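**Student:** Predicted model follows, preceded by the sequence.
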Amino acid sequence: MEHGSWMARLRSESRDAAILLTPLFVFLAVFMLYPLVASFYFTLNDLMLSDLKPVFIGIDNYLELFSDKLFLQALLQTLAYLTFHTAVGVPFGLAMALLFNQEFRGRGFARACLLIPWSTPPIVAAMLMYILLNSGFGSVIYTFEILGLVPTQFTIFGNPNLALLGLAVVSLWKSSPLFAFIFLSGLQNLPAEIVESARVYGASGVAIFRRVTLPFLKPTLAVNCILSGILALSGTQAFDIVIGITNGGPGYRTYMLYFLAWNQAFPWNRLGYGSTIAYVVTIIAVIFALVLLRIWYRRK
Amino acid sequence: MTDDISTGKMKNLSEQKGTDRRKFLKYGAGVVVVAAAAAAGYYALQPAPGPPTPTTTAATTAAATTAPPPVTTAAPINLNFYTTAHMGFMYDVGRLGWKPIERWNAAHPNIQVKTFIDSFFDVYTKEATTFAAGTYAWDVAYEWEGIINEFANYWTPLDEMGITLDPKVVDDMVPYCRKSVFWKDHFYGLPRMLETFTLMANADILDAKGIKFPTTYEEFLDACAKVNDPKNGVYAFEVGLKQGYLYPTYLCFLHSNNGSLWKDDAQQTVIPDSNESIRAVEDMVHIFKNYMPPSAIEKTAFVEASTDWYNGQMVFALFYSWPTMVVTDPTSKIKRVYNWLWPGKKGVVRSGSEVATEGYGIPRTAKYKKEGWEFLQYLSSREVQVQDTLGMFWKQENEEPIPSYWSYMTDDRLKAFPYNMIMRAQLAALKYRASRYGRPAYMSYVPAIEAEVTNALTGAKKPADAMKDARETCDKILEKEYEKYGGGYYDPWPDMQKYASRIDDLINSIPVEDQYKFPF
């Protein structure tokens, strides 16, 4: 059936699709696109929450980033956090997946337990770790003290050289199970006959892992690496854990970009500049996401 | 997939003639982009929303010193009341069970108060974002100088409601408390409380070692050296040093060096790198390294340290006076407490402290301003404030202070031990500088100072370098602030000095046993 205009065609041929998709478009427009456009507009203005009178300043907010020592420090710390999170967290997740892929009694229960850290809300995880790892009253540190592993009143989050590492470990505790489950799904698709054949031909466990398992898991590995990057960069782990444990301290040693963006926008009342930092985080996260999608579709 | 009835075959929707899903998505996305761009353009072209227009009510003169009589309205209303979690007294957990909100609701069936609570640390951002959104949320809300200075546009000045505070009421208000509800010639609410940092000591330990309560900083250091016993788990001194509430402690050390955070110039320039300030930070470093548990660096002011205090693991504490109330708790390992001034160094004319004051006001978006004003007067009334002080308890979730009006402090109920000790110490602290240096950019420059003090405490920087960096950051922050607000902020300290003799009279009117009397 021919129609004169695309609207007519749309009405007659895609009505169902339109009805089904319109709420999604509206949702995307209101909750994603509009905030993106509006916050981009904020980045071009000197805008404060206290009066909401935007003063157009062009790209001054972006230029200020280059001379803002705190932004540069937060950027470096975020990248260090991200690198540690990925370089340690993903292999750790893989190790857990290999372990939980073995047949052993209570495996189902153990796997269910593995989900607990991931399902714990980030701010709750932060408070929990703050209580466990606090040098004054934390049971973990206290146990280490009794065992003579650390000196009395040993502090992680009060030590400028350890605080960021401590946060990264907390974040790992929370996100490694997710990596493990993604690896597990990959491992369960690994054809048993290939592994069996390798074994019949005399390959050792290490050789099977290197020559069979790991190559098979490459796409999953890539997904986990990028997911780890996104979580460390802009996930709630980059904010809740900071605000819940160190509040950016000691000094500025645990300021990360997300936390800095929030601070600038709200407590420090610079909505325009805070939006600019958030935009930078978003751009980096989008690059990660694009890489993720590319790998995902290539695998398909 | 969809059924093709005519052929009986299953077809993919996109394969049907004339149906182009991609095209639809493309057009749909295009519509969304255009709509979003139009919305953004509309937003950009609109004048700033700003605060809503003020409303006016009939002129009244506030007495503010008496609880209001029950008010009846035509239809019952819900009065939304926003307060903070540390005022447990307000809703439930007060030790004596005197519950102001419950009492109000019982007396005012037509004005039922609905309470909303947040942590003090979340109040600023919650109020800021709610105000900026321009929506109705509360009729009466918590306020203090930081939020009043910066967000005054979003609060209702009392004079706009036709309310003029009686000069006697204003004179009765402690100037520090006035600052929590006053900005640029307008009152925005009524104060509720006052509390200052004071020095507390485990009296049994001091007496056992024959050490007098220190009245100078040098005596304090000597005492610390004598009582410090970390091998047995007892530290001479403790106060949480974690960023977020480190600033009040820093101010105490600043004042004990006769320093001031800002100059008396028109801009009230913040000077964290003054000689006095650098010496203050050096003192903090010295005390931290020698007499405090290393874990103090990750504890919030008195919050976690309160356990150590309660367990008798520290001899001296610096905080608001309410930890003194351990003497009334039978489970406390401390039985006797001395409570007096945070001492100044020898030769320092004035010592000093840090003062916290809070109040309540009426947001511009409030629905029930008249009823809100009635409730505001109730919160600020003598009975509520005195009961608040009487409800004092050492536990962190229930931070009760002393009243915000001079006349309330003479209440006989506050003359009984241990309230008398606390009242006297707090009043004595008011004789010296206890400014919090509130100004519009308070929430920006305070974290900058705290971060650099922490850098000095952890050895990441030398005190002088750290405080120079703090100055650099503060200069940038305050340059913008000065452009916008012009400086000249109300500093209550000169007014406080006018009340010196009244403070002396009040202290003398509160009896206390000799052992708890200390010299100025």
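**Tutor:** Right, received. Where do you want to start? These numbers come from a predicted model, not from an experiment.

**Student:** Could you list the low-pLDDT ranges of the chain?
**Tutor:** You didn't say which chain, so I picked chain A. In the predicted model of chain A, residues A:1-7, A:9-13, A:235-236, A:292, A:296, A:298-300 satisfy pLDDT under 70.

**Student:** um, chain B though
**Tutor:** Using pLDDT under 70, chain B drops low at B:1-74, B:88-89, B:91-96, B:349-350, B:393-399.

**Student:** those helices in the stretch 151-300 of chain A, which residues are they?
**Tutor:** Counting by DSSP state H, counting those that start in this stretch, the segments of the stretch 151-300 of chain A that form helices are A:163-188, A:192-200, A:205-208, A:214-234, A:240-245, A:257-265, A:271-299.

**Student:** no, scratch that, I was asking about the stretch 301-450 of chain B
**Tutor:** Taking DSSP H, counting those that start in this stretch as the criterion, the stretch 301-450 of chain B contains helices spanning B:305-310, B:369-379, B:382-390, B:419-430, B:442-457.

**Student:** Show me which residues of the stretch 101-250 of chain A are close to chain B?
**Tutor:** Within the stretch 101-250 of chain A, the positions near chain B by CB under 8 Å from any CB of the partner chain are A:134-137, A:152-155, A:157-160, A:246-250. (Each C-beta comes from the backbone N, C-alpha and C, glycine too.)

**Student:** just the buried members of those residues?
**Tutor:** Listed as buried from these are A:134-136, A:153-155, A:157-160, A:246-250; burial here means 16 or more other CB atoms under 10 Å in any protein chain shown.

**Student:** Residue B:325: which of the helices of the stretch 301-450 of chain B is closest?
**Tutor:** Smallest distance to residue B:325 across the helices of the stretch 301-450 of chain B (CB to CB): 7.8 Å, for helix B:419-430.

**Student:** From the chain's centroid, how far away is that closest one?
**Tutor:** Between the centre of helix B:419-430 and the centre of its chain there are 19 Å (CA atoms, centre = their mean, to the nearest Å).

**Student:** name the helices or strands packed onto it?
**Tutor:** Here helix B:419-430 touches strand B:189-202, strand B:337-340, helix B:382-390, helix B:500-509, going by 3 or more CB pairs under 8 Å, 6 or more residues apart in numbering or on different chains; DSSP states H and E.

**Student:** buried ones in the third one?
**Tutor:** Within helix B:382-390, the residues scored as buried using 16+ other CB under 10 Å are B:382, B:384-390.

**Student:** so what's the closest residue to residue B:366 other than its chain neighbours up against?
**Tutor:** Nearest non-adjacent residue to residue B:366, counting by CB to CB, 6 or more residues apart in numbering or on different chains: residue B:139, 4.3 Å away. Applying CB atoms under 8 Å, 6 or more residues apart in numbering or on different chains to residue B:139 gives the contacts B:79-81, B:362-363, B:366-369, B:371-372, B:375.

**Student:** From those, list just the buried residues.
**Tutor:** Buried members of the contacts of residue B:139, counted by 16+ other CB under 10 Å: B:79-81, B:362-363, B:366, B:368-369, B:371-372, B:375.

**Student:** what's the closest of the residues you listed to chain A?
**Tutor:** Closest approach between the buried ones among the contacts of residue B:139 and chain A, by CB to the nearest CB: residue B:363, at 13.8 Å.

**Student:** which ones are touching the closest one?
**Tutor:** Shown in contact with residue B:363 (CB under 8 Å, 6+ apart): B:131, B:137-139, B:141, B:154-156.

**Student:** bridging residues for it?
**Tutor:** Judged by DSSP bridges, the bridge partners of residue B:363 are residue B:155.

**Student:** Tell me the spacing between it and residue B:191.
**Tutor:** Between residue B:363 and residue B:191 the distance is 17 Å, computed by CB to CB, to the nearest Å.

**Student:** now do residue A:137
**Tutor:** For residue A:137, the distance to residue B:191 equals 35 Å [CB to CB].

**Student:** next structured bit after the longest helix along chain A?
**Tutor:** Using DSSP state H to assign secondary structure, the helix with the most residues in chain A is helix A:69-100. Reading on from helix A:69-100 to the C-terminus, the next helix or strand found by DSSP states H and E is helix A:107-119.

**Student:** helices and strands around that following helix, which ones?
**Tutor:** Secondary-structure packing of helix A:107-119 (3+ CB pairs under 8 Å, 6+ apart): helix A:69-100, helix A:163-188.

**Student:** Could you export the buried residues of helix B:382-390 as a markdown table, including distance to residue B:217?
**Tutor:** Output for the buried residues of helix B:382-390, formatted as a markdown table (distance: CB to CB, whole Å):
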| residue | distance to residue B:217 |
| --- | --- |
| B:382 | 37 |
| B:384 | 37 |
| B:385 | 33 |
| B:386 | 34 |
| B:387 | 36 |
| B:388 | 32 |
| B:389 | 29 |
| B:390 | 33 |
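
**Student:** So what's the residue count around residue A:139?
**Tutor:** 11 (other CB atoms under 10 Å in any protein chain shown).

**Student:** pretty sure it is touching residue A:129, no?
**Tutor:** No - look at residue A:139 against residue A:129 with CB atoms under 8 Å: they stay out of range, at 11.6 Å.

**Student:** In the stretch 201-350 of chain B, what residue spans correspond to strands?
**Tutor:** With DSSP state E, counting those that start in this stretch, the ranges of strands along the stretch 201-350 of chain B come out as B:235-238, B:314-320, B:337-340.

**Student:** want to throw those strands into CSV with distance to chain A and mean neighbour count?
**Tutor:** Shown next, in CSV, are those (distance: least, CB to the nearest CB, whole Å; neighbours: other CB atoms under 10 Å in any protein chain shown):
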stretch, distance to chain A, mean neighbour count
strand B:235-238, 9, 25
strand B:314-320, 11, 26
strand B:337-340, 21, 24
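
**Student:** circling back: any idea which of the buried residues of helix B:382-390 is closest to residue B:121?
**Tutor:** Taking CB to CB as the measure, residue B:121 sits nearest to residue B:388 out of the buried residues of helix B:382-390, at 21.0 Å.

**Student:** coming back round to it: which among the buried ones among the contacts of residue B:139 gets closest to residue B:245?
**Tutor:** Comparing the buried ones among the contacts of residue B:139 against residue B:245 with CB to CB picks out residue B:81 as the nearest, at 24.8 Å.

**Student:** So is the helix or strand the closest one falls within next to chain A?
**Tutor:** Per DSSP H and E: residue B:81 is located in strand B:77-84. No - Strand B:77-84 lies out of reach of chain A by CB under 8 Å from any CB, never closer than 15.9 Å.
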